[in-house]
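In: generate a structure from the sequence data that follows.
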Amino acid sequence: MTWWRGRSLQARITVLAATITLGCLLGLAALAAAKLSPLLIDSVDRELTGALAPASAEVSAGRALPTTAPVTVRVLDISGTPVDGGAPSGLSGADVGLLKAGQPVQQDGARYLGAVVSTPDGTQRLVVAGAGLVGFSAAVHYGGVWLVVVASVGALVAGLATWLVVRLALRPVARMRGTVRALPPGARLPLPDSHDELRALAEEFNALLERQEQASERLRRFTGDAAHELRSPVASIRVQAEVAVTNPDPELSQETLGDILTEAERLSSLLDGLLSLARSDAGEVPPAEPVELVSEVRAAVSRLPAGAPETRVSNAVAQAWAWAAHGEIELVLDNLLRNACRYARGEIVVSVLASRSSVRVVVDDDGPGIAPEHREKVFDRFYRVSDDRARITGGTGLGLAMVAETVRRRGGRVQVGESPDGGARFQVTWRAAPVS
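Out: Residues are numbered from 1 along each chain as shown. The predicted structure follows:
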């Protein structure tokens, strides 16, 4: 099997075509060989019947037998004794009985047919027509051999024809492969004029190149942004540590250590976000299960730090079950609420809504809001809005990206708009979970 998989497509198609052709032709040869003997016997019987009919008519009329070479016609009495003056027929009593019954007889390399007729004087006679079967067995044997030879030659011709046809058919693919090797960065394959499979292949390959370039660009941008974001807290920690080491003042050192702790927490949060996104990009998806959203929202609100804006839960239903993982729900709710806490002036409202096919969590704040031109980009990694919402520090630019990616891989969606209080409204929709 390994040898077979290592062969070229052209060789495999040729071998398959030749094998199938040989099998079909050998089957037809076997069928023809099996029918050859009955066909020859039927031909002899038709010739014997053609000679027997006029001979029987002549005997019935009392006239002499006509010459019917190469068929021999004899006239016998009912017991099988010749009455035409010729030599004994060599037919046994059983053979004579079969001939009188209209059955053919084959013996000693000859075949006979007979018919019982009445002469003008009322005497019954047995008219027998016979012909030799010289070369019959050889014809059947060599006919079968030649059929096998013809089948083998036909399979060989079919294999050669398949080899040439496949070679010609794959020539455009070979040219396309050479074109792919020579493609410069950013270039695309030229599309053939014909609307066939090769054009479809070129279109799919161009789409693959487009996706690959987009993924590479996102990776370069992500790597650059991550390096930039990591450089800032690391540099801050280093500078503050140097200040603490060089300055012996205990109060200043304590204050510096507090700043270092803040930057370390920011760095830890950034690394957690990067790891979460890396796992998502790698396709790691935990198993989904029904998760009750109302209780999860209340638990997320209780986890908000002291001094957070007033957060109110407004749920239109007692329970709402989403099809997701428990950790995913916590990640989404924690990031949405932390984002709202950064920009809310005094109040945050969290609503839970449910329908037969979906469940929603809506987070409204009364902060400066998000301008329409930024609403599609806030879910990009490391994207920050350069307006009033950006003046409050502490964010890493990954929270909303993690929210969008987490919800997307579960078949849900995240939308951002304007809240009734003029701030931002984030709405997350999951598929409703079947709950018995």
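
In: measure the nearest residue to G93 once chain neighbours are set aside to L98 for me?
Out: Distance criterion CB to CB, 6 or more residues apart in numbering; nearest residue to G93, sequence neighbours excluded, is G80 at 6.5 Å. Quick note: C-beta positions are derived from backbone N, CA and C, even for glycine. Remark: distance between G80 and L98 (CB to CB, to the nearest Å) = 11 Å.

In: hang on, the earlier thing: tell me the contacts of the residue nearest to G93?
Out: Going by CB atoms under 8 Å, 6 or more residues apart in numbering, G80 touches 89, 91-93, 95-96, 126.

In: part of a strand, is it?
Out: No: G80 sits outside any strand when classified using DSSP: H, G, I helix; E, B strand; the rest coil, being coil.

In: re earlier: most neighbours of all the contacts of G80, which one?
Out: Among the contacts of G80, L126 has the most neighbours (other CB atoms under 10 Å), with 25 neighbours.

In: now do the helices in the stretch 251-400 of the chain.
Out: Listed in chain order, the helices of the stretch 251-400 of the chain (DSSP state H, counting those that start in this stretch) span 293-302, 326-343, 399-408.

In: next, format those as JSON lines and append distance to E310 and mean neighbour count.
Out: What follows is those, written out as JSON lines (distance: least, CB to CB, whole Å; neighbours: other CB atoms under 10 Å):
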{"stretch": "helix 293-302", "distance to E310": "10", "mean neighbour count": "18"}
{"stretch": "helix 326-343", "distance to E310": "10", "mean neighbour count": "21"}
{"stretch": "helix 399-408", "distance to E310": "21", "mean neighbour count": "21"}
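
In: these: which one's closest to E213?
Out: With CB to CB, the closest approach to E213 among the helices of the stretch 251-400 of the chain belongs to helix 399-408: 20.6 Å.

In: counting contacts, what elements does the closest one pack onto?
Out: helix 250-281, helix 326-343, strand 413-418, strand 424-431 (3 or more CB pairs under 8 Å, 6 or more residues apart in numbering; DSSP states H and E).

In: go with 7 Å
Out: Applying 3 or more CB pairs under 7 Å, 6 or more residues apart in numbering; DSSP states H and E, one finds that helix 399-408 contacts helix 250-281, helix 326-343, strand 413-418.

In: indicate which one of the ones you listed is closest to A32.
Out: Closest among the helices and strands packed on helix 399-408, once you apply CB to CB, is helix 250-281, at 64.7 Å.

In: where does pLDDT dip in the protein?
Out: Flagging of the chain using pLDDT under 70 yields the residue ranges 1-3, 67-69, 136, 218-219, 221-233, 266, 269-270, 272-284, 384-397, 436.
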